[in-house]
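1. coordinates for the following, if possible.
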Amino acid sequence: MEALQAVFSVWFLIGAALVFFMQAGFAMVETGFTRAKNAGNIIMKNLMDFCIGTVAFVLLGGGLLLGEDALGGFIGIPTIGLFNNFESFDWSNFVFNLVFCATAATIVSGAMAERTKFISYCIYSFVISLVIYPIEAHWVWGGGWLSKLGFIDFAGSAAIHTVGGVCALIGAIFLGARLGKYVKDENGKVTKVNAIQGHSIPLGALGCFILWFGWYGFNGAAAKSITELGQIFATTTVAPAVATCVTLLFTWIKNGKPDVSMCLNASLAGLVAITAGCQAVDIIGTIIIGAVSGILVVVVVEMLDLKCHIDDPVGACGVHLANGIWGTIAAGLFATSSSINGVDGPIYALIHGTDFAEGLKVLGVQFLGILAIIAWTAATIIPTFIIIKKTIGLRADAEDELKGLDVTEHGLITAYAGFAQAPEALDYGVIATVGDVPQAEAITVSHLSENDTVIPQTSHASAGAFTKIEIICKERMLDSLKNAMVKIGINGMTVSHVMGCGVQKGKPEYYRGVAVEATLLPKIQVDIVTTSDNVSKAIETAKKTLYTGHIGDGKIFVYDVVNVVKVRTGETGKAALMEAEME
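-> Numbering: from 1, shown residues only. Now for the predicted structure:
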């Protein structure tokens, strides 16, 4: 018996290590589901929320969670035993709860990705780990008032995932959507929802597999027997598998093809939903929980995006908030006395012929608990966001967001040095004018004097029948430029992803303390060959579309073209251009 107890004591710490490894999973999912220009920022956030959370948990959070009950089970009383009783302090329990605490903060990162100031992220992550999570977790696992009522949340559908999901939803609302996500008319009404695709589904899938693997420790580390551990492993496997299959069929029927990213979200949704009742429900309840979560994640993700216009890049609210709530309620609804937990909810009270009133009480406690946790989280995170927003600011500047937070927040030119990246093309609508400067207030321009050497200009009309217009501009302006050209009847153009810099030579940044001179910056080159009578119109359209008054708006080069030959038909001259300009 002592040997078995020793084995499970070791397993308890192995489970804590698996939960820590889930940080890598969260980092990969968030990185893969967002754009490459923010990859370094996201890795940094997932590293620092654990490190900052550890400091917060050591200073105060651990005492609030694990300390002796006070105020009727509302809070734990911190002690200095952590600092002056090293030899006999319960370090296993401390470390186990510490890694869970970091998970709650990590969830928030995904919903607020790609537009949050790094310093602001660090601050609210610290607050979550210092106060918000520890107090409500004490209610559930520290001997607090919910645990005394019999609240079922074995591994944290409510205490971790719902808390993280509430913070994520409120944070996404406070921030607003990423630039270009929703196109609005002059009255502010959303007229179009853009799909901002993640840059690496394989990274997202790797993160999903890492999280699923770590979840066996997340749910199973607190098991006290081989039978209990086996049941937990079974429910932790079946629920996400069913959820993924249901999402696959649901999206296949709805969209005509199975959705890869939604299926990855569904696996995580099933894991979140089963977390509360992983040792309280049987396999039938597990299947139902997984099936509902597979539908719920799709409905919530799409509702928030398409109807509510709340921008959640990774689906954190659909995965963690919606399914954290569902899993908490389902743990009471499908609880069965045949499980290790030994309690019947209302459904199994009818099946087993036990006290139905007691079954309803089990479910009622679940509702009470989840409502209390949501209320506590909202009441504490909202003031936190308000204070941050009113002081240092919560959201990154528009120009920083468009450039990418890697370079603007961390001086990291790219997280993928040596790899060519596709240009970003989004219809920014009226948002494209953010940061524009009136021409009269633009940067100072030095003009050549009469004594300076200049290259004589040639009239477009007299130089030849055809002209090539070469436009160098910012990547984000490509879609606007393309649409503007199409409106004036120019459909034929060649687009290239190029690197270059102007006379400012770029801004020096540093990598591992070594200066990196950013002399080459990503740009778009658009080549248009047209008849000479369209040249002035094309140039004026490009100038009007690209102008903001800031350095880097671009340049336009004009060349004479001797002739044009269409390879397919052998046509030359104007006939070779007619199809491109008229179609």
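
2. low-confidence ranges in the stretch 201-350 of the chain?
-> Applying pLDDT under 70 to the stretch 201-350 of the chain flags no residue at all.

3. can you show me the strands along it?
-> Counting by DSSP state E, counting those that start in this stretch, the stretch 201-350 of the chain has no strands at all.

4. again, but for the stretch 351-500 of the chain
-> 466-473, 494-500.

5. so residue 22 sits against residue 214, correct?
-> Yes. If you go by Cβ atoms under 8 Å, residue 22 and residue 214 touch, sitting 3.7 Å apart. For every residue, glycine as well, the C-beta is placed using N, CA and C.

6. and residue 368, what does it touch?
-> By Cβ atoms under 8 Å, 6 or more residues apart in numbering, the contact list for residue 368 reads 146, 149, 151.

7. ok, and the closest non-adjacent residue to residue 107?
-> If the residues on either side of it in the chain are set aside, residue 107 comes closest to residue 164, at 2.8 Å by Cβ to Cβ, 6 or more residues apart in numbering.

8. that neighbour sits in which helix or strand?
-> For residue 164, the host element (DSSP states H and E) is helix 163-175.

9. what about the next helix or strand after that helix, average pLDDT?
-> Moving toward the C-terminus from helix 163-175, the next helix or strand (DSSP H and E) is strand 182-184. Here strand 182-184 scores 87 as its mean pLDDT.

10. who does strand 182-184 touch, helix- and strand-wise?
-> Counting contacts by 3 or more Cβ pairs under 8 Å, 6 or more residues apart in numbering; DSSP states H and E, strand 182-184 is packed against strand 190-193.

11. how far does the strand it packs on sit from its chain's centre?
-> Relative to its parent chain, strand 190-193 has a centroid offset of 20 Å by Cα atoms, centre = their mean, to the nearest Å.

12. same check, this time on stretch 26-45
-> Per Cα atoms, centre = their mean, the centroid offset for stretch 26-45 relative to its chain is 8 Å.

13. from residue 543, how far off is the residue most central in space within the chain?
-> Among the residues of the chain, the one closest to the centroid is residue 110, at 2.8 Å (Cα atoms, centre = their mean). According to Cβ to Cβ, to the nearest Å, residue 110 stands 40 Å off from residue 543.

14. give me the number of residues near the nearest residue to residue 209 once chain neighbours are set aside?
-> Computed as Cβ to Cβ, 6+ apart, the closest residue to residue 209 that is not its neighbour in sequence is residue 25, at 7.7 Å. Neighbour count for residue 25, taken as other Cβ atoms under 10 Å: 22.

15. chain center to the strand or helix carrying residue 25, what's the gap?
-> If you go by DSSP H and E, residue 25 is part of helix 2-32. Distance of helix 2-32 from its chain centroid, counting by Cα atoms, centre = their mean, is 23 Å.

16. for it, packing partners?
-> helix 39-56, helix 91-111, helix 201-220.

17. between helix 39-56 and the second one, find me the angle.
-> Between the direction of helix 91-111 and that of helix 39-56, the angle (axes from the mean of the first three to the mean of the last three Cα atoms, to 10 degrees) works out to 150 degrees.

18. list the buried residues for helix 91-111?
-> Neighbour counts over helix 91-111 (16 or more other Cβ atoms under 10 Å) mark 94-111 as buried.

19. do the last one as well
-> Buried residues in helix 201-220, counting neighbours by 16+ other Cβ under 10 Å, are found at 203-208, 210-212, 214-220.

20. ok and that helix relative to helix 2-32, angle-wise?
-> If you take the same axes, to 10 degrees, helix 201-220 sits at 150 degrees to helix 2-32.

21. same question for the shortest one.
-> What separates the directions of helix 39-56 and helix 2-32 is an angle of 140 degrees, with the same axes, to 10 degrees.

22. so residue 490 sits against residue 528, correct?
-> Yes. Counting by Cβ under 8 Å, residue 490 touches residue 528, with 6.0 Å between them.

23. overlap of the contact sets of the two?
-> Common contacts of residue 490 and residue 528 (Cβ under 8 Å, 6+ apart): residue 538.

24. what is the nearest of the buried residues of helix 201-220 to residue 348?
-> residue 219 (20.7 Å; Cβ to Cβ).

25. quick one: that closest one and residue 154, what's the gap?
-> Separation of residue 219 from residue 154 (Cβ to Cβ): 7 Å.

26. any shared contact partners between these two?
-> Jointly contacting residue 219 and residue 154 under the rule Cβ under 8 Å, 6+ apart are 275, 278.

27. the residue nearest to the centre of the chain - nearest residue in space that isn't next to it in sequence?
-> Nearest non-adjacent residue to residue 110, counting by Cβ to Cβ, 6+ apart: residue 314, 3.6 Å away.

28. in the helix holding residue 25, which of the residues would be classed as buried?
-> Within helix 2-32, the residues that qualify as buried are 8, 11-12, 15-16, 18-20, 22-32, counting by 16+ other Cβ under 10 Å.

29. same thing with stretch 307-319?
-> Buried positions in stretch 307-319, judged by neighbour count with 16+ other Cβ under 10 Å: 310, 311, 312, 313, 314, 315, 316, 317, 318, 319.

30. tell me if I am right that residue 548 is in a helix.
-> No. Counting by DSSP: H, G, I helix; E, B strand; the rest coil, residue 548 is not part of a helix but coil.

31. how close does the closest residue to residue 484 other than its chain neighbours get to residue 524?
-> Computed as Cβ to Cβ, 6+ apart, the closest residue to residue 484 that is not its neighbour in sequence is residue 545, at 4.5 Å. Going from residue 545 to residue 524 by Cβ to Cβ gives 12 Å.

32. same question for the longest helix along the chain, mean pLDDT?
-> Identified as the longest helix of the chain according to DSSP state H is helix 356-390. The average pLDDT for helix 356-390 rounds to 96.
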